[in-house]
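Asks: A structural model of the following input is requested.
(chains A and B)
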Amino acid sequence: MSASAAPTERWRTLVVLLTMAGTVAVSIVAGLQADADIRADTANRDSQYQAIRASGELFRQGTRIDYDIATLAALTKDRQESLAYEITGLEQEAGGALDSAASARARAAVVAARADRAQALSVFFTDPAYAAAEPDQLPNQQAYLEDTFAAANEMVEVQNRAADDYHRWSRKSDGFVAVLTLLAVALFMFGLAQAASVRTRRTFTIFGALVLIVSTARVASILLA
Amino acid sequence: MEDNQELKGGSRGELLIAIAMAVVLVATALAGWRTSDLGSRASDAERQGLIEAIKAEDLINVDWRQTYEEATHAQRLLVTAAEVEALEASGDLASEAQGASIRAYLLPSMALLAGPFGTDPTYAAADGSLDLAARFNDLQAQNSGLADLDPEAEFLLADRYHAEQRWHVVGAVLLATSLFWLGLAEIMRDRLRIVSLVAGLTIFLFGLAWLGTSEMVWALLRLADA
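Replies: This is a model prediction of the structure:
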């Protein structure tokens, strides 16, 4: 072997080694890209599923609130109407109109019976979590609303987390595609280096190696991100 | 004479590499198709799961809406019934007559609108309220379509296809890598050609074994599920 042939052979060996490193890198990055793509897909699906569930839950809670508030409103109206009849009865009695007073009181009793029955149907009076502690107090509507929307809020939180996961994995997948393109360029340069003359071979090998280093650094930054 | 033999040896080597490349190409194409097929199956299962989720939510909402509609009518019925009782107990003749009329003519119609809440005592809770959950559960039990909808099962199936796809991606990459080395062997000479050829064939065989094992493992898992 001549003196000039030895470095040439070393460069050839270096190119083969770099090509091997490049192909290994391509294999790893292709696997990472496919994995990131699958994870993005799964997170996207989970996000959509949770959005569907949250939407259904909100609809149901809307129906429930309509019912509970309508019940509360009806019984409150009856209760106030009964009170108004009672006051009317007292006023009529004070004015000496005893028949009218009796009629007003009878009407008050009927409307109070309606209110009493409605009260037994209202969650604001039957559920100790929302019922007023004292007769003059209002039911705890704040606790009712918080409990009502707790499940939907939890679903929305899960949905948001899944959406964030989707964006993160999607960005990683895009990053890996870019790296694969860079690695293809590096392999192309190593391929040219195999066929090129000695001087050009060195140039292609150095540039290919630089692209390989940049690609590896980019993969590391994507994985650490 | 020796040159001639070298030429013949080189020609046989190139022929071997060309055949190997053709075989690897076909295998890579098949592996790529299978990987893509698994991805499509996973997407189909996910799509089906989402459709079933929408249908299931819709059926649940329809049942809840019916429950609350009936409960609203039942509530009016019960309140009116309490009013009737108060009218009948008022001691006033006109009020008693009004109560009797409402009981005779209005309450039956209201009971019809209230559905089972107006007739079935199992939906009445001990505290006088309505057992909405019991009515909803009965409606769900009557809903034959709901039992066929299982989005979670579809998503589980999709996850399995994705897992299998991951294995196949690795296998396909191995085959593609072997193809690259065989390509390298084609342009190399002497010792480097042999090294490249051996590396390419080794990676190819390993990739094939990987894919075969993957197919077998997942087929057995599917059989176990069935």
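
Asks: only C-alpha atoms from now on, for both contacts and neighbour counts.
Replies: Fine.

Asks: look up how far chain A lies from B:Glu14.
Replies: The gap separating B:Glu14 from chain A is 17 Å, by CA to the nearest CA, to the nearest Å.

Asks: give me the helices and strands touching the helix or strand encompassing that residue, please.
Replies: Assessed by DSSP states H and E, B:Glu14 sits inside helix B:2-88. Under the contact criterion of 3 or more CA pairs under 8 Å, 6 or more residues apart in numbering or on different chains; DSSP states H and E, helix B:2-88 touches helix A:5-94, helix A:98-121, helix B:93-101, helix B:107-114, helix B:116-119, helix B:132-142, helix B:151-187, helix B:190-225.

Asks: can we see that at 6 Å?
Replies: helix A:98-121, helix B:93-101, helix B:107-114, helix B:151-187 (3 or more CA pairs under 6 Å, 6 or more residues apart in numbering or on different chains; DSSP states H and E).

Asks: quick one: closest of those to A:Phe190.
Replies: Proximity to A:Phe190 (CA to CA) singles out helix B:151-187 among these, at 10.4 Å.

Asks: now do that closest one against helix A:5-94, angle only.
Replies: Angle, helix B:151-187 to helix A:5-94, by axes from the mean of the first three to the mean of the last three CA atoms, to 10 degrees: 170 degrees.

Asks: starting at the chain centroid, how far to helix B:151-187?
Replies: Remark: helix B:151-187 is offset 22 Å from the chain centroid, using CA atoms, centre = their mean, to the nearest Å.

Asks: how many other residues sit next to the nearest residue to A:Ala112 once chain neighbours are set aside?
Replies: Nearest residue to A:Ala112, sequence neighbours excluded (CA to CA, 6 or more residues apart in numbering or on different chains): A:Ser82, at 5.5 Å. A:Ser82 has 24 neighbours, counted by other CA atoms under 10 Å in any protein chain shown.

Asks: and the residue nearest the centre of chain B?
Replies: B:Glu154 (1.9 Å; CA atoms, centre = their mean).

Asks: for chain B, what is the nearest residue in chain A?
Replies: In chain A, the residue found nearest to chain B is A:Leu121; the distance is 4.4 Å by CA to the nearest CA.

Asks: quick check, that residue in contact with B:Asp131.
Replies: No: with contact defined as CA atoms under 6 Å, A:Leu121 does not reach B:Asp131; the gap is 9.9 Å.

Asks: close to chain B: what parts of chain A are there?
Replies: Contact residues, chain A versus chain B (CA under 6 Å from any CA of the partner chain): A:27, A:31, A:56, A:110, A:113-114, A:117-118, A:120-121.

Asks: let me know the closest of these to B:Glu14.
Replies: Checking these against B:Glu14 by CA to CA gives A:Ser27 as the nearest, at 25.9 Å.

Asks: on that earlier part again, tell me the contacts of the residue nearest to the centre of chain B?
Replies: Neighbouring residues of B:Glu154 by CA atoms under 6 Å, 6 or more residues apart in numbering or on different chains: B:45, B:49.

Asks: for B:Arg222, see how far away it is.
Replies: Going from B:Glu154 to B:Arg222 by CA to CA, to the nearest Å gives 14 Å.

Asks: tell me who's in contact with the residue of chain A closest to chain B.
Replies: Counting by CA under 6 Å, 6+ apart, A:Leu121 touches B:Ser129.

Asks: mind running it again at 8 Å?
Replies: By CA atoms under 8 Å, 6 or more residues apart in numbering or on different chains, the contact list for A:Leu121 reads A:71, B:75, B:128-130.

Asks: least confident of the residues you listed?
Replies: pLDDT is lowest at B:Gly128 among those; the value there is 81.

Asks: sec struct for it, please.
Replies: Counting by DSSP: H, G, I helix; E, B strand; the rest coil, the backbone at B:Gly128 sits in coil.

Asks: check A:Arg202 too.
Replies: helix.

Asks: any chance of the contacts of A:Leu121 in JSON lines with neighbour count and distance to A:Ala196 as columns?
Replies: Converted to JSON lines, those look like this (neighbours: other CA atoms under 10 Å in any protein chain shown; distance: CA to CA, whole Å):
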{"residue": "A:Thr71", "neighbour count": "22", "distance to A:Ala196": "88"}
{"residue": "B:Gln75", "neighbour count": "24", "distance to A:Ala196": "91"}
{"residue": "B:Gly128", "neighbour count": "15", "distance to A:Ala196": "93"}
{"residue": "B:Ser129", "neighbour count": "19", "distance to A:Ala196": "90"}
{"residue": "B:Leu130", "neighbour count": "21", "distance to A:Ala196": "88"}
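
Asks: report the two of the residues you listed separated the most.
Replies: Maximum pairwise distance in those, criterion CA to CA, is 14.1 Å, between A:Thr71 and B:Gly128.

Asks: low-confidence regions, chain B specifically.
Replies: B:1-10 (pLDDT under 70).

Asks: most proximal residue of it with respect to chain A?
Replies: Nearest residue of chain B to chain A: B:Ser129, at 4.4 Å (CA to the nearest CA).

Asks: unless I'm mixing things up, that residue is touching A:Asp127, no?
Replies: No: judged on CA atoms under 8 Å, B:Ser129 makes no contact with A:Asp127 at a distance of 10.5 Å.

Asks: okay, now the closest residue to A:Thr71 other than its chain neighbours: neighbour count?
Replies: Spatially, and ignoring its direct neighbours in sequence, A:Thr71 is nearest to A:Ser122 (6.1 Å; CA to CA, 6+ apart). Per other CA under 10 Å, the neighbour tally for A:Ser122 reads 22.

Asks: swap in A:Tyr85?
Replies: 21.

Asks: over to the one 5 residues further on?
Replies: When neighbours are defined as other CA under 10 Å, A:Leu90 has 19 of them.

Asks: let's see the pLDDT reported for it.
Replies: Value for A:Leu90, per-residue pLDDT: 94.

Asks: next, the contact list for the residue lying closest to it once chain neighbours are set aside, please.
Replies: Distances taken as CA to CA, 6+ apart put A:Ala101 closest to A:Leu90, at 6.6 Å, once the chain neighbours are dropped. A:Ala101 sits next to A:88-93 when contact means CA under 8 Å, 6+ apart.

Asks: which one (most neighbours) among those residues?
Replies: Neighbour max across these (other CA under 10 Å) = A:Gly89, 24 neighbours.

Asks: who's in contact with it?
Replies: Contacts of A:Gly89 by CA under 8 Å, 6+ apart are A:100-105.

Asks: repeat that with 7 Å
Replies: A:Gly89 makes contact with A:101-102, A:104-105, according to CA atoms under 7 Å, 6 or more residues apart in numbering or on different chains.

Asks: low pLDDT regions in chain A?
Replies: For chain A, residues meeting the criterion pLDDT under 70 lie at A:1-7.

Asks: from B:Ala172, how far off is A:Gly31?
Replies: Per CA to CA, A:Gly31 is found 10 Å from B:Ala172.

Asks: same drill for those two, tell me which one is more crowded.
Replies: B:Ala172 (29 against 21).
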